[in-house]
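Student: this one's sequence-less:
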Ligand SMILES: Cc1ncc(COP(=O)(O)O)c(C=O)c1O
């Protein structure tokens, strides 16, 4: 099937559907990842100033030079990666567009792309639109990857693997040993690695390691990041891709012809975001840690079995003790209890019927109320 046919075949995004249902039933929305940690005043002021000073037209396609330079510095200091801002950084309309442009630029018809399931739901449509073939390997309940399965599924038809760390929806933070295993597979089988590191600053246990920083991985890795989550600006649509020059060339073409450029005033304000002091990140993680505890303890009081995340701000919970599948369960919760969450199957190619996902990036009061509401669900 061609990419265009696959696009027509795609299902509606379940996460966005649940947000609409939350509105319909006036429910607390723990479905879509809206960060409610307050956006920093410095960034807000900078966005307003940018608009008032006339920065309202297209930026150059690859993004404002000053922002690309600042991202290069951040990648060097935080991710231990070296890139040339002129050719190796592109500012995109969020990580979503970065993922799409990277896949459209690099994946050809019938190329296989290995995706870890449960997955962030945009990866599969992106591979389909590129006429590639998604293949899947499962992260288990113990959060381990299945090394034998990966070895079996990566071969001469595999063009790329997509890796998300910290991982949505499990909260897994990939550690060195696993990343080395993935590195070895990528090198042995000549496979590209596309990494989505949008939650890199939201970590409770373990440390963030950028896969491109592993020996010999820079040349075959496309690193994606974004401002939406860490700075609470999901509506600004600013993200980026970092990749070696030769890989970046086709990515830039896809970017150019899909979006032209990311929003200029918000690119300007994103420079300010990168200048925030370290305690901004400490406070943000403290805030989300509180939410993590409230939801974990709240779910423990029900028949659900929650999985405590190491990073990001989502929590999977097992619902096999209920006489409902994931779809029935989330519909029951939104209609009868006024809490919107996401059914597990939306994160799987096959499986997930006994899982649901809670997002805990909302205000503490809303999380407490939501846990009260579901106590006897
Ligand atoms: C893993 C992951 N990647 C990317 C995105 C999208 O980010 P952006 O708002 O930058 O497009 C999300 C949003 O939920 C996400 O969870």
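Tutor: Right, received. Where do you want to start? Predicted model only: the values in this text are computed from it and were never measured. Numbering: from 1, shown residues only.
Student: these two touch, right, residue 350 and residue 137?
Tutor: No: taking contacts as C-beta atoms under 8 Å, residue 350 lies outside contact range of residue 137: 11.7 Å. C-beta here means a position set from N, CA and C on the backbone, and glycine is covered the same way.
Student: Neighbour count for these two, which is higher?
Tutor: Applying other C-beta atoms under 10 Å to residue 350 and residue 137 shows that residue 137 carries more neighbours, namely 19 against 9.
Student: my hunch is that that one is in a strand, does that hold up?
Tutor: Yes: counting by DSSP: H, G, I helix; E, B strand; the rest coil, residue 137 falls inside a strand.
Student: My read is that it contacts residue 147, right?
Tutor: No: in this structure, residue 137 is not within contact of residue 147 by C-beta under 8 Å, at 9.4 Å.
Student: Retrieve the pLDDT associated with the nearest residue to residue 82 once chain neighbours are set aside.
Tutor: Of all residues not flanking residue 82 in the chain, residue 76 sits nearest, at 6.0 Å (C-beta to C-beta, 6 or more residues apart in numbering). According to the prediction, residue 76 has pLDDT 98.
Student: what do you get for the one 10 residues further on?
Tutor: For residue 86, the pLDDT comes out at 98.
Student: any idea how far residue 261 is from it?
Tutor: 16 Å (C-beta to C-beta, to the nearest Å).
Student: More neighbours: the two, which one.
Tutor: Taking neighbours as other C-beta under 10 Å, residue 86 and residue 261 compare with residue 261 leading, 20 against 12.
Student: hmm, back to that, is the ligand within reach of the host helix or strand of the residue nearest to residue 82?
Tutor: Using DSSP states H and E, residue 76 sits in helix 65-77. No: Helix 65-77 is not in contact with the ligand by C-beta under 6 Å from any ligand atom; minimum separation 13.6 Å.
Student: What is the subsequent helix or strand relative to that helix?
Tutor: By DSSP H and E, the next helix or strand past helix 65-77 is strand 89-92.
Student: Could you list every helix and strand in contact with that next one?
Tutor: Packing partners of strand 89-92 (3 or more C-beta pairs under 8 Å, 6 or more residues apart in numbering; DSSP states H and E): helix 65-77, helix 94-106, strand 239-242, helix 245-259.
Student: Enumerate every residue touching residue 261.
Tutor: 58, 59, 60, 61, 63, 91 (C-beta atoms under 8 Å, 6 or more residues apart in numbering).
Student: Are we agreed that it is in a strand?
Tutor: No: assigned with three-state DSSP, residue 261 falls outside any strand and is coil.
Student: And it, how far from residue 69?
Tutor: Distance from residue 261 to residue 69, by C-beta to C-beta: 17 Å.
Student: cool, residue 137 as well?
Tutor: In terms of C-beta to C-beta, residue 137 sits 37 Å off from residue 69.
Student: same deal with residue 250?
Tutor: Distance from residue 250 to residue 69, by C-beta to C-beta: 23 Å.
Student: ok, which stretches of the stretch 101-250 of the chain are strands?
Tutor: 112-117, 133-138, 158-164, 192-196, 221-226, 239-242 (DSSP state E, counting those that start in this stretch).
Student: any idea which of those is most buried?
Tutor: For these, ranked by mean neighbour count under the definition mean count of other C-beta atoms under 10 Å, the leader is strand 239-242 at a mean of 28.
Student: Point out the other helices and strands that that strand packs with.
Tutor: helix 65-77, strand 89-92, helix 94-106, strand 221-226, helix 245-259.
Student: Give me the sheet partners of that strand and which way each runs.
Tutor: strand 89-92 (antiparallel), strand 221-226 (antiparallel) (DSSP bridges).
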